[in-house]
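1. Structure here, sequence nowhere to be found:
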Ligand SMILES: C[S@@+](CC[C@H](N)C(=O)[O-])C[C@H]1O[C@@H](n2cnc3c(N)ncnc32)[C@H](O)[C@@H]1O
């Protein structure tokens, strides 16, 4: 691992000098959606139409670093991504089957296949809204339309998660849903890019607007610091190369600190667990990267969602 890390860290530092990844440049995060879209498709989780040439290019560009890291027993971005994606699938399935969730809002959906997969599986029993910044949302809308997935129960909306209200904000979107039915809000691959204050602001906005629902659950991936040392530094380097800016990557030292922050933001219950704890050992096998992924679930309201 240490053999490949210094070069990557150097590239990341140069990129980092150009500016911190923050609310001012959210569009810089979007290329990563092409990368992850390609990863989902090449691992059989998606439809090839959701994989783009840009995603393939990024994937091939990072492949040598990944091979090196994997060969040296270090983490690979792919194993990390697959673990978090599958763990979030498990949590969402549980929310639907055990807690009466009939409405899902997926924020920062990018080119993720989850909405398409869940819409096919649950049909009219589930309303699935995918949302992203306007340019990415337009691409997703066009692609899903071509795939024949869109309709009254599956659609794509514009959102900026950093907006506190009005059209194109989280409260604006949730206002279009039925408050008397169960809700899940899911976010994957975004929170690591947000500055801590922006993340806490999004959580406060979510907790406030989700409390209008009798039962509502929030699900997201989360990176925790502490103990991972060089591995986390390498990951931050890779992600920074990606987005052309420094990546916050983790905001909390451990699960307890993250859970406390979620409660302070207004959620009544919160739990943060390692992603491999939720998926089968065969799925979690994929090298060291998987163990770096954590997932958060939090809820508001008296009823369980
Ligand atoms: C790493 S991608 C993850 C995409 C997808 N969730 C996945 O896992 O494949 C990050 C996504 O966050 C979106 N994004 C960035 N800033 C945003 C914001 N302020 N509001 C909504 N979406 C945002 C980007 O457009 C991009 O699609």
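-> Perfect, I can see it now. Not measured: the values here are computed from a predicted model.

2. contacts, neighbours, all on C-alpha from now
-> OK.

3. Excluding covalently adjacent residues, which one is nearest to residue 66?
-> Spatial nearest neighbour of residue 66, chain neighbours left out: residue 76 (5.4 Å); criterion: C-alpha to C-alpha, 6 or more residues apart in numbering.

4. And for that neighbour, the neighbour number?
-> For residue 76, the neighbour count with other C-alpha atoms under 10 Å is 25.

5. ranges for the helices of the stretch 151-300 of the chain?
-> Taking DSSP state H, counting those that start in this stretch as the test, the helices found in the stretch 151-300 of the chain are 170-174, 196-210, 230-243, 255-264, 281-284.

6. Mean pLDDT lowest where, among those helices?
-> Lowest mean pLDDT within the helices of the stretch 151-300 of the chain: helix 230-243, a mean of 60.

7. residue ranges with poor pLDDT in the stretch 51-200 of the chain?
-> Applying pLDDT under 70 to the stretch 51-200 of the chain flags residues 74-75.

8. Spell out which parts of it neighbour the ligand.
-> Within reach of the ligand by C-alpha under 6 Å from any ligand atom, the stretch 51-200 of the chain has these residues: 108-112, 132-133, 136, 159-162, 188-190.

9. Looking at those, state which has the most neighbours.
-> Neighbour counts for those, by other C-alpha under 10 Å, peak at residue 111, which reaches 32 neighbours.

10. Which residue comes closest to it once chain neighbours are left out?
-> residue 37 (4.9 Å).

11. So the one you found versus residue 46, what's the distance?
-> Separation of residue 37 from residue 46 (C-alpha to C-alpha, to the nearest Å): 8 Å.

12. now residue 35
-> 13 Å.

13. between those two, who's got more neighbours?
-> Set side by side, residue 35 and residue 46 show more neighbours around residue 35, with 25 against 20, by other C-alpha under 10 Å.

14. Residue nearest the middle of this structure, spatially speaking?
-> By C-alpha atoms, centre = their mean, the chain has its centre lying nearest to residue 188, at 0.9 Å.

15. Only the buried residues of the single longest helix found in the chain, if you could.
-> Looking across the chain with DSSP state H, the single longest helix is helix 77-99. For helix 77-99, a neighbour-count test (16 or more other C-alpha atoms under 10 Å) marks 77-89, 91-92, 95-96, 99 as buried.

16. if I pick residue 93, what's in contact with it?
-> By C-alpha atoms under 8 Å, 6 or more residues apart in numbering, no residues touch residue 93.

17. Tell me where the protein has strands.
-> Taking DSSP state E to define them, one finds strands in the chain at 101-107, 127-132, 154-158, 182-187, 216-223, 269-274, 293-300.

18. and the direction of the shortest one versus that of strand 127-132, what angle?
-> Think strand 154-158. Calculated by axes from the mean of the first three to the mean of the last three C-alpha atoms, to 10 degrees, strand 154-158 forms an angle of 30 degrees with strand 127-132.

19. Report the angle between strand 154-158 and strand 101-107.
-> Computed by the same axes, to 10 degrees, the angle between strand 154-158 and strand 101-107 is 40 degrees.

20. on contacts alone, who are the packing partners of strand 154-158?
-> Secondary-structure packing of strand 154-158 (3 or more C-alpha pairs under 8 Å, 6 or more residues apart in numbering; DSSP states H and E): strand 127-132, helix 134-146.

21. who does the first one touch, helix- and strand-wise?
-> Of the remaining helices and strands, those touching strand 127-132 by 3+ C-alpha pairs under 8 Å, 6+ apart are strand 101-107, helix 114-122, strand 154-158.

22. Burial-wise, tell me which of the ones you listed comes out on top.
-> Mean neighbour count (mean count of other C-alpha atoms under 10 Å) peaks for strand 101-107 among the helices and strands packed on strand 127-132, with a mean of 24.
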